[in-house]
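K.L.:
dropping the sequence and predicted coords here.
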Amino acid sequence: MGRRNKPSYRVVVADSRSPRDGKFIDIIGHYDPLTDPPTVSIDGEKALKWLGYGAQPTDKVRSLLGKLGIMDKVKPTSGQKLTAKEAK
């Protein structure tokens, strides 16, 4: 989203088989990196719901969710890796 030299991003839930800019399932938030500090607006309940269903966030979305404290509320399943912080 956005325009040239002014990016803004949607945080969406999408099927991994769909194209990058293709069909998505749900919009869970927005991210604007140009403000100081960057604006992150993510619906925590929706994010937890989709993570509970087994959704795998990208590296950037995982860091955004971590900064908001949402990743701390997710209980890892057998398929997920524990970080050093979570293993303690």
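P.N.:
Here it is on my side, so go on.

K.L.:
tell me the SS of residue 57?
P.N.:
coil (DSSP: H, G, I helix; E, B strand; the rest coil).

K.L.:
mind checking the SS state of the residue nearest to it when sequence neighbours are not counted?
P.N.:
Nearest residue to residue 57, sequence neighbours excluded (CB to CB, 6 or more residues apart in numbering): residue 65, at 6.2 Å. (Glycine included, C-beta is placed from N, CA and C.) At residue 65 the chain is in helix, as set by three-state DSSP.

K.L.:
list the contacts for residue 65?
P.N.:
Contacts of residue 65 were listed using CB atoms under 8 Å, 6 or more residues apart in numbering, and they are 42, 47, 57, 71.

K.L.:
how close does it get to residue 6?
P.N.:
Residue 65 sits 24 Å away from residue 6, going by CB to CB, to the nearest Å.

K.L.:
before we move on, the earlier item: looking at the contacts of residue 65, state which has the most neighbours.
P.N.:
The residue in the contacts of residue 65 with the most neighbours, by other CB atoms under 10 Å, is residue 47 (25 neighbours).

K.L.:
name the helix or strand for the residue at minimal distance from the centre of the chain, please.
P.N.:
Centroid-nearest residue in the chain: residue 61, 3.4 Å away (criterion: CA atoms, centre = their mean). Per DSSP states H and E: residue 61 is located in helix 59-68.

K.L.:
got the buried residues for that helix?
P.N.:
Using 16 or more other CB atoms under 10 Å as the test for burial, helix 59-68 gives 61, 64, 65, 68.

K.L.:
okay if I get those as JSON lines plus pLDDT?
P.N.:
Output for the buried residues of helix 59-68, formatted as JSON lines (pLDDT from 0 to 100):
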{"residue": "61", "pLDDT": "90"}
{"residue": "64", "pLDDT": "91"}
{"residue": "65", "pLDDT": "90"}
{"residue": "68", "pLDDT": "89"}
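
K.L.:
thank you kindly, that will do.
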